[in-house]
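**Q** Sequence unavailable; structure follows:
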């Protein structure tokens, strides 16, 4: 049995390894701190389960990593581990191809159960994630809904809502300022925002920041 862990925080990787080692004493466990090393190991070897953070350097989000993993290894289940509440990223993660979504706060209690579930070929949906998916299905077509944004647009939306400047976002995502400005324009058009204050108010009202 082989597990691959990807998270940019050493303490998180070590904690996950401890949980997996206790449940699967003879498993082979590898860990990486960024998406570049993650994809190198995905291409090089076969894994039974990949456990991946939603936010990793250098610029690629976990959502992009899921898509790349599924391109190279469609049958490998990916569990997303995130500090973000399910209503923010779970729907996007599942749509991108993840087999499960866990918040880091729930990992201690749910990780092994989630691993067993995805290894059996099923998706692991906690009650919170199931509620988020049901809500997205019911309201996803609304006029002003972040579900209308692409994954990258949503990433930029979150950073704009947190007060980051165009140049700061460009540096973090390793993109040009022109590209970020284009994403901002698309976000404003799709969401009907007139200015940053409207964007921030929407994010606060919908508990997205």
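**A** Received the coordinates, thanks. Here the structure is a predicted model, which means the values were calculated and not measured.

**Q** hey, let's count contacts and neighbours off CA atoms from now on
**A** OK.

**Q** Figure out the length between the terminal residues of stretch 42-49.
**A** 11 Å (CA to CA, to the nearest Å).

**Q** Just give me how far that stretch sits from the chain centre.
**A** 19 Å (CA atoms, centre = their mean, to the nearest Å).

**Q** Going by neighbour count, which residues of it are buried?
**A** 42, 47-49 (16 or more other CA atoms under 10 Å).

**Q** try stretch 194-209
**A** Across stretch 194-209, burial judged by 16+ other CA under 10 Å covers 199-200, 202-203, 208.

**Q** can you list those in a markdown table and add secondary structure, pLDDT and distance to residue 106?
**A** Output for the buried residues of stretch 194-209, formatted as a markdown table (DSSP: H, G, I helix; E, B strand; the rest coil; pLDDT from 0 to 100; distance: CA to CA, whole Å):
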| residue | secondary structure | pLDDT | distance to residue 106 |
| --- | --- | --- | --- |
| 199 | helix | 92 | 30 |
| 200 | helix | 92 | 28 |
| 202 | helix | 90 | 27 |
| 203 | helix | 89 | 24 |
| 208 | coil | 82 | 19 |
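
**Q** which one of those residues is nearest residue 14?
**A** Using CA to CA, residue 208 is the member of these that lies nearest residue 14, at 28.8 Å.

**Q** Kindly reformat the buried residues of stretch 42-49 as a markdown table containing distance to residue 188 and pLDDT.
**A** Listed next are these as a markdown table, based on distance: CA to CA, whole Å; pLDDT from 0 to 100:
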| residue | distance to residue 188 | pLDDT |
| --- | --- | --- |
| 42 | 36 | 94 |
| 47 | 40 | 96 |
| 48 | 41 | 96 |
| 49 | 38 | 97 |
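
**Q** What lies in contact with stretch 182-200?
**A** For stretch 182-200, contacts defined as CA atoms under 8 Å, 6 or more residues apart in numbering pick out 143-146, 148-149, 153, 156-157, 160-162.

**Q** What are the phi and psi values at the residue nearest the centre of the chain?
**A** Nearest residue to the geometric centre of the chain (CA atoms, centre = their mean): residue 54, 3.0 Å. Note on residue 54: backbone dihedrals following degrees, to the nearest 10 are phi -80, psi -20.
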